[in-house]
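Enquirer: need a structure here:
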Amino acid sequence: MVLSGSCICGKAGYEVSPPFKVFVNCHCSRCRKATGSAYATNAVVEPGAFRWTRGESELRRFDLPEARSFAICFCGHCGSPLPHATRSGREVIIPAGSLDRDPGVGPTRHTFWESRAPWLNSAGDLPISDGTGST
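Expert: Numbers count the residues shown, from 1 in each chain. Below is the predicted model:
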């Protein structure tokens, strides 16, 4: 199954082929700031499972200099979060909200729960773990 994803203005689009290596809700302070919400829901794939279909020239990327691996990628036209390769190039991080349709699976756990927004009290049915859960 190949899934498509895009930004809100539609200028940038991609395809990704599950399975996802990791699919988590990350509550670290960086992810909260990057999304402006209680957590970021991200899926992770191997680089060979991902490709841009349009608008790669529209992308803007920010690598947080003091972080070992934190980055964000977004559409330079509308600002929507978009996928990006990790600095090592071993994985591609997919903001789950950028997928165009239901991937048929969802997050398997919450990570960095101790860093969660103070007004978020429930983890629902998902397990809680510390760390990223990445390989």
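Enquirer: I'd like to know how many residues surround Pro118.
Expert: Pro118 is flanked by 5 other residues according to other CB atoms under 10 Å. All C-beta atoms are positioned from the backbone trio N, CA, C, and that covers glycine.
Enquirer: got it, and Cys7?
Expert: For Cys7, the neighbour count with other CB under 10 Å is 22.
Enquirer: Roughly how far does it sit from Thr53?
Expert: The spacing between Cys7 and Thr53, counted by CB to CB, to the nearest Å, is 12 Å.
Enquirer: what is in contact with the two at once?
Expert: Common contact partners of Cys7 and Thr53 (CB atoms under 8 Å, 6 or more residues apart in numbering): Gly13.
Enquirer: Can you name the residues bridging to Val16?
Expert: Legend: beta-bridge partners of Val16 under DSSP bridges are Leu3, Phe50.
Enquirer: And for Ser129?
Expert: Assigned bridge partners for Ser129, using DSSP bridges, are Thr111.
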